[in-house]
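Engineer: Below are the sequence and a predicted model for it; my questions follow.
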Amino acid sequence: MAETTGINEESDSTIAQIIETEEWKLFTDGASSSDGSGAGLMLINPEGQEFIYALRFEFSITYNEAEYEALLAGLRIAKEMKIEHLQAFVDSQLIANHVLSVFKARQPTIQLYLSKVRELVESFRGFTIEHVQRCQNKKADALSKLASITFAYLAKEVLLEVLEKRSIKAQEVHDLIVEEENTWMKPLKEYLELGILPEDKKEVRKVRIKAPSYKTMNGGLYRKSFLTPWLRCVDLN
């Protein structure tokens, strides 16, 4: 054991470095004011590349709830991206302590948010959360404030989404959806499932542009969304 101590220490150090380089970082911040509510989040991959998102909430929300929505959005995106190891940084000490079980959530709404966070955390092989000062979270902070007022001045490379309802709201699922045979969805479904394109050249172009945002599942057509599950498409009627 004495002869191999140095080798083991070096090996452990190498393994630790490999694990560390696999970790992604997530910075989130929420904002709520009389002008509106929004959130900003930034994912950073092991190579240091930044992925920036902004959300605007179309519902009344408190500051702590906005912070939770921001964290949930980041966790959902990380899960969709198949990230396994994630370090989360939030500038809300209360939320960090809730997740770490240092503080107990007492308000019913906050308890629901915390439960949703813990459910998503189970998706990762490794997860840590840490409270950081607002000055260490400037980009997410600025995005959340800007998104709470307007999207007009956000850069084109920032992915945007508007949430019309809370992340903790139970989603209604209708098992039976009766669709007409000839609807706006038919050309997309035929192209995605069979590779068949319309005869009209203009329609061909439209279908090819739209197709990457859609996919078929269980005979239905679904539209992609950045921060929410796939959206079921239905006929206009």
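Structural biologist: Perfect, I can see it now. Predicted model only: the values in this text are computed from it and were never measured.

Engineer: which other helices and strands contact the one helix or strand Leu72 maps to?
Structural biologist: Secondary structure assigned from DSSP states H and E places Leu72 in helix 63-80. Packing partners of helix 63-80 (3 or more CB pairs under 8 Å, 6 or more residues apart in numbering; DSSP states H and E): strand 24-33, strand 36-44, strand 50-57, strand 85-90, helix 93-99, helix 108-121, helix 138-149, strand 159-163. Using the backbone N, CA and C atoms, a C-beta is placed for each residue, glycine as well.

Engineer: List the contacts of the fourth one.
Structural biologist: Contacts to strand 85-90, defined as CB atoms under 8 Å, 6 or more residues apart in numbering, come from residues 19, 22-29, 67, 70-71, 74-75, 78, 96, 124-132, 136-137.

Engineer: any idea of the angle it forms with helix 108-121?
Structural biologist: Interaxial angle, strand 85-90 versus helix 108-121 (axes from the mean of the first three to the mean of the last three CA atoms, to 10 degrees): 160 degrees.

Engineer: Filter the contacts of strand 85-90 down to the buried ones, PyMOL style.
Structural biologist: To isolate the buried members of those in PyMOL, using 16 or more other CB atoms under 10 Å:
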select buried, resi 23+24+25+26+27+28+29+67+70+71+74+75+78+96+124+127+129+131+132+137
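
Engineer: ok, now which ones touch Ala96?
Structural biologist: Contacts of Ala96 by CB under 8 Å, 6+ apart are 90, 129-131.

Engineer: now do Lys206
Structural biologist: With contacts defined as CB under 8 Å, 6+ apart, Lys206 is in contact with Pro187.

Engineer: From Pro198, how far off is it?
Structural biologist: When distance is defined by CB to CB, to the nearest Å, Lys206 is 8 Å away from Pro198.

Engineer: Domain ranges for the protein, per the record?
Structural biologist: Segmentation of the chain into domains, based on automatic domain parsing, reads 17-163, 186-232.

Engineer: Save the ones you listed as TSV, and put in mean pLDDT too.
Structural biologist: Formatted as TSV, those follow (pLDDT from 0 to 100):
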stretch	mean pLDDT
domain 17-163	78
domain 186-232	81
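
Engineer: now, of those domains, which is deepest in the fold?
Structural biologist: domain 17-163 (a mean of 18; mean count of other CB atoms under 10 Å).
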